[in-house]
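>>> Sequence first, predicted model second:
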Amino acid sequence: MTARRNFKRQVRARAAKTGESYTSALRHFLPTPSGDVMPEARNPKSVRLAVAQTLVREDPRDVEALRESGREVRALMREASVQGARIVHFPEGAICFPSKFVMSVDGPDEVGPADWDRCQWLVLQSELVAIAELARELRLWTVIPSVHRLTGPNRPHNSLYVISDRGEVVTRYDERLLSKTKVSYMYSPGVSPVTFEVDAVRFGCLLGMEIHYPELFAEYENLDVDCVLLSTSGTPGNTTAQAQVQGHAAFNSYWVSLSGPAQDSVTAPTGIVAPNGDWLARCPADGSPSVAVANLDDSSEAATSALTYARPWRRESRSGLYTEHQVSDPRSEDRTAAF
């Protein structure tokens with residue numbers, strides 16, 4: 001408690017000297033690995049993120065549907081740019097989320113191996129190219145999921161492309177923990193996490209049913225990300241999934257952007273969760289394609305406590321801190337010892 005009081009006194013002293021608010025002054029202080037809180041200058045991180053919800057269409061044979069999805073994505077990119085976003089994040093299936101029944105060689109009533117020759121690959125590719133060109137024009141980083149074709153006879157990846165503000169694909173995340181149907185009949189799983197940076201803010205990527213795997217979110221915490229971008233379509237639009245996202249953000253003390261179908265927004269609107277587990281911004285819960293925008297600012301009130309105290313402490317406590325305090329005592333080892 002003494003260290004904490006001393007720390008707060010130093011922050012208040014800086015605020016009084018500079019005229020900053022307490023929160024602004026706080027960003028210039030960091031805890032040391034030993035747990036003693038000492039002042040240390042640091043550069044605050046901040047980026048403006050837009051998260052989108054789109055109408056997800058399920059037939060990759062339908063050329064006009066693919067074109068309409070592309071137009072919708074680009075319209076939302078323009079809206080995000082108007083609202084000052086530096087990066088925009090789209091849901092799984094933003095251009096198309098191929099139906100397991102539409103793709104099944106045993107369909108349309110039974111699920112079987114997917115026939116990927118049914119996909120209009122050239123149309124899909126042309127829409128992605130147009131999206132990349134607009135990203136360059138708007139100077140807007142764009143994170144857009146799509147199917148990534150592999151060399152036959154390998155099944156494609158279910159992927160998430162990261163397009164820079166220069167219109168270039170800088171990396172791609174491939175969904176790793178697929179649903180049973182996806183891995184049995186439709187896609188090849190990915191093998192590794194993916195991170196990238198925009199204005200010094202580090203992002204990690206997840207897809208689909210990976211919302212249900214806390215170890216993947218913990219993995220990104222170990223990789224020192226500031227925000228996880230989770231694109232989904234297969235997750236039911238319910239309050240349980242929403243609570244999971246809030247939990248992942250709070251447990252790992254980073255932002256989580258959840259992008260899902262506009263069709264699900266009545267019960268589960270797309271949005272951005274702060275490192276303390278609170279929703280920062282959400283799209284309308286009315287089924288409409290839309291974007292929500294928020295600043296990811298690590299000096300904000302919603303972030304400082306989680307980033308300054310919770311995250312460093314959890315890391316220290318997991319590093320073997322408790323070993324030196326463990327004792328050998330008969331009353332400790334006897335689990336049936338009386339009161």
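Happy to help now that I have it. Residues are numbered from 1 along each chain as shown.
>>> Dead centre of the chain: give me the residue that sits there.
The structure's the chain has its C-alpha centroid closest to residue 229; by CA atoms, centre = their mean the separation is 1.7 Å.
>>> what's the burial count for residue 51?
Using other CB atoms under 10 Å as the criterion, residue 51 is surrounded by 32 other residues. (C-beta placed from N, C-alpha, C; glycine too.)
>>> Next, it: secondary structure please.
Here residue 51 is recorded as strand under DSSP: H, G, I helix; E, B strand; the rest coil.
>>> Surely it touches residue 290?
No. In terms of CB atoms under 8 Å, residue 51 does not count as a neighbour of residue 290; the distance is 9.7 Å.
>>> Overlap of the contact sets of these two?
270, 283 (CB atoms under 8 Å, 6 or more residues apart in numbering).
>>> Sketch out the low-pLDDT regions of the stretch 201-339 of the chain for me.
234-238 (pLDDT under 70).
>>> The residue nearest to the centre of the chain belongs to a strand?
Yes. Checked against three-state DSSP, residue 229 lies within a strand.
>>> so what's it up against?
Residues in contact with residue 229 (CB under 8 Å, 6+ apart) are 89, 143, 160, 203-206, 257, 259.
>>> quick one: which two of these are the most distant?
204 and 259 (14.0 Å; CB to CB).
>>> Which ones among the contacts of residue 229 map onto strands?
Applying DSSP state E to the contacts of residue 229, the entries found in strands are 89, 143, 160, 203-206, 257, 259.
>>> Domains of this protein: list them as residue ranges, please.
Taking automatic domain parsing as the criterion, the chain consists of the domains 1-30, 46-315.
>>> any chance of those in JSON lines, with distance to residue 334 too?
Formatted as JSON lines, the domains of the chain follow (distance: least, CB to CB, whole Å):
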{"stretch": "domain 1-30", "distance to residue 334": "34"}
{"stretch": "domain 46-315", "distance to residue 334": "31"}
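>>> Can you tell me which of the ones you listed is most buried?
Greatest average neighbour count among the domains of the chain goes to domain 46-315 (a mean of 19), per mean count of other CB atoms under 10 Å.
>>> Return the distance of it from the chain's centre.
Put simply, domain 46-315 sits 7 Å off its chain's centre (CA atoms, centre = their mean, to the nearest Å).
>>> Do me a favour and get the end-to-end distance for it?
23 Å (CA to CA, to the nearest Å).
>>> do stretch 75-95 as well
The stretch stretch 75-95 measures 13 Å between its terminal residues, going by CA to CA.
>>> Which member of the contacts of residue 229 is positioned nearest residue 273?
Comparing the contacts of residue 229 against residue 273 with CB to CB places residue 257 closest, at 7.8 Å.
>>> wait, what's in contact with the nearest residue to residue 191 once chain neighbours are set aside?
Distance criterion CB to CB, 6 or more residues apart in numbering; nearest residue to residue 191, sequence neighbours excluded, is residue 176 at 6.8 Å. Residue 176 makes contacts with 189-192, 210, 216, as judged by CB under 8 Å, 6+ apart.
>>> Inside helices: which ones of the residues you listed?
Here DSSP state H is the test, and the contacts of residue 176 give residue 216 as lying in helices.
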